[in-house]
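*Asks:* Quick one: sequence plus predicted model below, questions after.
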Number of protein chains: 2
Amino acid sequence: MRIEDEIKQETFRSPLHRLLVNLMFTNNWLCDSQMRLLKPYDVTLPQYNVLRILRGQHPKPVKINDITERMLDKMSNASRLVDKLVGKKLVLRNECPSDRRAVDVVITEKGLALLKQIDVAQEGWERQFDGYTEPNADQLNALIDDFRSRATDD
Amino acid sequence: MRIEDEIKQETFRSPLHRLLVNLMFTNNWLCDSQMRLLKPYDVTLPQYNVLRILRGQHPKPVKINDITERMLDKMSNASRLVDKLVGKKLVLRNECPSDRRAVDVVITEKGLALLKQIDVAQEGWERQFDGYTEPNADQLNALIDDFRSRATDD
DNA sequence: TTGTATTATATGTATCAACATTATATTCGC
DNA sequence: GCGAATATAATGTTGATACATATAATACAA
């Protein structure tokens, strides 16, 4: 469906403006879809992202700080997200022996098992893009990278 | 900067996966930038979006329901967003005469004046994309639309 | 070594989103 | 007209983010 119809707005000030709205709308659409996928597993999208970061390093522990750096939405909330995951026994939090300020976070077996379940659902979800070929994705990736690189500030 | 560097992850499972991350990252980048722009004016991005919807219909009133439909992030929170804007005297809320369930929301002169100020800042912000031509934007728009249209569910 | 700056994390506050529920008004079938 | 279904908005709860601040440990400089 066209963006114009999706948000009931018939015109945009400029192609750039339409592009900005299009990017935001598409992102929301993706996030909603992911959220619905995760709902049955009782983890939120940010929590899921933290779990995946931890799995990527497993069995090595990851510090709160490193989690923050790897998160898409930067922020300073990895601490509280880890709290929630500890509550669900999906991760363990240990004081780092070499630096008592730092906290080592490790995904538990329960966490790994949950991710394994979700992997299956994810594969199903991604299958909806089976008709979307790699060259398509590569081209769109390149154009998005190019767009971002045009911005002069930050 | 490449996505790989931005989130310190060197590889992706697939071009599709890289694309998903790229879309989310780019969206966050845009939202952050907009937030910083709005900060001096003491309105949040969702509040700003509501104000623009109201300006688009001014001087006609807009019902809470219509605001919800036009928001990018759907939800049911337009009511509370309008609350905040009423508190700042940027909008007025009146019971709709023809339907006592509904609420007519109108942007105030103060609200219009604020948007006018922000417009100037927005134009400055968009100028960072001056090197990004219309054909570029049109092409990227088309590819994003195409990507979204490949999804089979929803 | 001692004092200061820096780093790592936690916490408090305000805002927003998702979801469910409630309150009230309107509409529609009979 | 009357009662049930529907529509509109408000509200309560939980989870998340942005931002500021606090707390504690480490690093560093004199």
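*Replies:* All right, it came through fine. Residues are numbered from 1 along each chain as shown, chains lettered A, B, ... in the order given.

*Asks:* surely residue A:111 meets residue A:105?
*Replies:* No - when contacts are counted by C-beta atoms under 8 Å, residue A:111 is not listed as touching residue A:105 (10.3 Å). Every C-beta, even on glycine, is put in place using the N, C-alpha and C of the backbone.

*Asks:* nearest residue to the spatially most central residue of chain A other than its sequence neighbours?
*Replies:* By C-alpha atoms, centre = their mean, chain A has its centre lying nearest to residue A:49, at 5.1 Å. Of all residues not flanking residue A:49 in the chain, residue A:71 sits nearest, at 6.3 Å (C-beta to C-beta, 6 or more residues apart in numbering or on different chains).

*Asks:* for the residue nearest to the centre of chain A, helix, strand, or coil?
*Replies:* With DSSP: H, G, I helix; E, B strand; the rest coil as the basis, residue A:49 sits in helix.

*Asks:* Just the C-alphas of the longest helix seen in chain A, formatted as CSV.
*Replies:* Secondary structure of chain A read by DSSP state H shows that its longest helix is helix A:15-38. The C-alpha coordinates for helix A:15-38 follow below in CSV (Å, rounded to 0.1, in the frame of the first residue of the first chain):
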residue,chain,number,x,y,z
PRO,A,15,10.3,13.6,-2.3
LEU,A,16,12.6,14.0,0.6
HIS,A,17,9.8,14.5,3.0
ARG,A,18,8.0,11.5,1.5
LEU,A,19,11.2,9.5,2.0
LEU,A,20,11.5,10.5,5.7
VAL,A,21,7.9,9.5,6.3
ASN,A,22,8.4,6.3,4.3
LEU,A,23,11.4,5.3,6.4
MET,A,24,9.6,5.9,9.6
PHE,A,25,6.5,4.1,8.5
THR,A,26,8.4,1.1,7.2
ASN,A,27,10.3,0.9,10.4
ASN,A,28,7.2,1.0,12.5
TRP,A,29,5.6,-1.7,10.3
LEU,A,30,8.7,-3.9,10.8
CYS,A,31,8.8,-3.4,14.6
ASP,A,32,5.1,-4.1,15.0
SER,A,33,5.5,-7.3,13.0
GLN,A,34,8.4,-8.4,15.2
MET,A,35,6.6,-7.5,18.3
ARG,A,36,3.7,-9.7,17.4
LEU,A,37,6.1,-12.5,16.7
LEU,A,38,7.8,-12.1,20.0
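
*Asks:* Spell out whether it and DNA strand D are in contact.
*Replies:* No - judged by C-beta under 7 Å from any atom of the strand, helix A:15-38 stays clear of DNA strand D, getting no closer than 9.7 Å.

*Asks:* Tally up the residues packed near the closest residue to residue A:96 other than its chain neighbours, please.
*Replies:* Spatial nearest neighbour of residue A:96, chain neighbours left out: residue A:102 (3.9 Å); criterion: C-beta to C-beta, 6+ apart. Residues within reach of residue A:102, counting by other C-beta atoms under 10 Å in any protein chain shown, total 16.

*Asks:* check contacts around residue A:102.
*Replies:* A:63-65, A:95-96 (C-beta atoms under 8 Å, 6 or more residues apart in numbering or on different chains).

*Asks:* quick check, distance from stretch A:127-135 to the centre of its chain.
*Replies:* Between the centre of stretch A:127-135 and the centre of its chain there are 20 Å (C-alpha atoms, centre = their mean, to the nearest Å).

*Asks:* ugh, wrong one, I meant stretch A:136-145
*Replies:* Relative to the centre of its chain, stretch A:136-145 is centred 19 Å away, using C-alpha atoms, centre = their mean.

*Asks:* what's it in contact with?
*Replies:* Residues from elsewhere that reach stretch A:136-145 (C-beta under 8 Å, 6+ apart): B:2-3, B:14-16, B:18-19, B:22-23, B:26, B:136, B:139-140, B:143-144, B:146-147.

*Asks:* can you pull the buried residues of it?
*Replies:* Residues of stretch A:136-145 classed as buried: A:136-137, A:140-141, A:143-144 (neighbour count, 16 or more other C-beta atoms under 10 Å in any protein chain shown).
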